[in-house]
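J.: take a look and give me a structure for this.
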Amino acid sequence: MTQHPSPHRDLMRYLHRAALLSERVGDRRFQQRIGIGRTLFLVLRSIADAGDVSPSQQEIADLLSLTKGAVSRHVETARHRGWLAVTTSSASRREHALTLTPAGQSLVQDGLAVHHEYERLGGEHMTDAAMATTIQTLKTMCELLETEERQ
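T.: Take a look at the predicted model:
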């Protein structure tokens with residue numbers, strides 16, 4: 001007897017597969033082109049995108065769906081390599097202010113070129129309408145799963 005595939009099961013399978021492939025392909029591209037992993041780039045980009053207001057490590061963790069510990073490790077790596085300055089926040093002595101150094105700003109600029117190439121990969125093969133539908137579907141899935149996670 002042949003089972004008919006469940007659309008939800010197929011969605012979850014492709015979602016999982018796309019996430020894994022995205023991580024592997026992205027990491028490989030970032031490592032080859034600028035010498036760091038995609039996640040470290042995203043942490044640095046989050047700091048760059050914040051402008052004059054230094055995001056907290058928890059804010060970065062929430063934005064990128066990482067643990068605060070993972071963000072702390074990336075911050076320490078970036079600090080150690082001279083890409084990030086870590087000082088005490090003027091808002092709270094318990095928080096750190098994160099500022100990209102000139103070397104960190106340059107690294108983010110180099111990474112943006114890689115990131116744009118990576119984004120074009122999907123954009124070349126999907127219509128704007130298909131992209132919008134996919135974004136809405138994934139956003140809804142994330143909202144539902146985040147609600148479930150909090151319970």
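J.: C-alpha from now on. contacts and neighbour counts both.
T.: OK.
J.: which residues of this protein fall in strands?
T.: Here the chain has its strands, by DSSP state E, at 84-88, 96-100.
J.: any idea which helix is longest in the chain?
T.: Taking DSSP state H as the criterion, the chain has its longest helix at helix 7-34.
J.: buried deepest among the strands of the chain, which one?
T.: Comparing those on average neighbours per residue, with mean count of other Cα atoms under 10 Å, the densest one is strand 96-100 at a mean of 21.
J.: which other residues reach stretch 61-74?
T.: Residues from elsewhere that reach stretch 61-74, judged by Cα atoms under 8 Å, 6 or more residues apart in numbering: 40, 42-43, 57-58, 60.
J.: and with 6 Å instead?
T.: Applying Cα atoms under 6 Å, 6 or more residues apart in numbering, the external contacts of stretch 61-74 come out as 40, 58.
J.: centre of the chain to that stretch, how far?
T.: Distance of stretch 61-74 from the chain centroid (Cα atoms, centre = their mean, to the nearest Å) equals 10 Å.
J.: let me see the mean pLDDT of it.
T.: Average pLDDT, stretch 61-74: 94.
J.: distance across that stretch, terminal residue to terminal residue?
T.: One end of stretch 61-74 sits 11 Å from the other (Cα to Cα, to the nearest Å).
J.: could you list the buried residues of it?
T.: Across stretch 61-74, burial judged by 16 or more other Cα atoms under 10 Å covers 61, 66, 68, 71-72, 74.
J.: of those, just say which sits nearest to Gln31.
T.: His74 (14.9 Å; Cα to Cα).
J.: buried sites along stretch 108-118?
T.: So stretch 108-118, judged by 16+ other Cα under 10 Å, has buried residues 108, 111-112, 114-115, 118.
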